[in-house]
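Asks: pasted the sequence and its predicted model underneath.
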Amino acid sequence: MPAGTLTPEIRDFPVTPVVGLEQQFQRETLGDIAGLWTRLRDRADEIESAIPYADGGASFGIFSVTAPPAGDIIYLAATQVRDLSAVPDGMVGREIGGGQAAVFTIRLEPGPIGPQVGAAYDAIWRHWLPASDYVPAAQHDIERYDRRFDPATMTGELELIMPVKRREG
């Protein structure tokens, strides 16, 4: 993905409650994240307060990198909910958002999405962020999948959301 195609919208990202499954991965096992999404889909009926895509809901992939030297990834595959009052056993409930974010809309081509998302994040971190007026404001990045994404074909659009704040000085 050429760096010139990365033009985010800087906007407020409202506090958003989500419920899902969380797992730790190593860089060499990132391909296994798809299995986490499958397990979440298999348990979706347990999430009583989930907001359907048709009603403006979304699914979120939230990941953070653990401290060096391990550099492992903690990934939460989650669905947007109305509230966190009924988190099913074995799942995690969390609020995300609540601040300014750089939102990149990524158009997915047919084929595996992992490499496409990885290339987009690489371009964001290596090209857009160093040249921007912003720095990360959180220890995680977010993938947002809404009605524009077709999980059957793994195509459409998704948003990559990076919580940011203005660079000082």
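Replies: Yes, it's here. Numbering: from 1, shown residues only.
Asks: tell me which helix or strand of this structure sits lowest on mean pLDDT?
Replies: Taking mean pLDDT, DSSP states H and E as the measure, the helices and strands of the chain show their lowest mean at helix 113-123, namely a mean of 88.
Asks: next, the buried residues of the next helix or strand after that one.
Replies: As assigned by DSSP states H and E, the chain's next helix or strand after helix 113-123 is helix 129-131. Judged by neighbour count using 16 or more other C-beta atoms under 10 Å, the buried positions of helix 129-131 are residue 129. In this view, the C-beta of every residue, glycine as well, is placed from N, C-alpha and C.
Asks: equivalent analysis for stretch 143-153, please.
Replies: Within stretch 143-153, the residues that qualify as buried are 143-146, 148-149, counting by 16+ other C-beta under 10 Å.
Asks: out of these, list just those in strands.
Replies: 143-145, 149 (DSSP state E).
Asks: returning to that earlier point: and which of the buried residues of stretch 143-153 is nearest residue 101?
Replies: Distances from residue 101 to the buried residues of stretch 143-153, taken as C-beta to C-beta, are shortest for residue 144 (10.0 Å).
Asks: which residue ranges of the protein form strands?
Replies: When secondary structure is read from DSSP E, the chain shows strands at 9-13, 16-25, 59-65, 73-80, 92-96, 99-108, 134-136, 141-145, 149-150, 155-166.
Asks: in TSV, list the buried residues of stretch 143-153 along with distance to residue 100.
Replies: Conversion of the buried residues of stretch 143-153 to TSV gives the following (distance: C-beta to C-beta, whole Å):
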residue	distance to residue 100
143	18
144	15
145	21
146	20
148	22
149	24
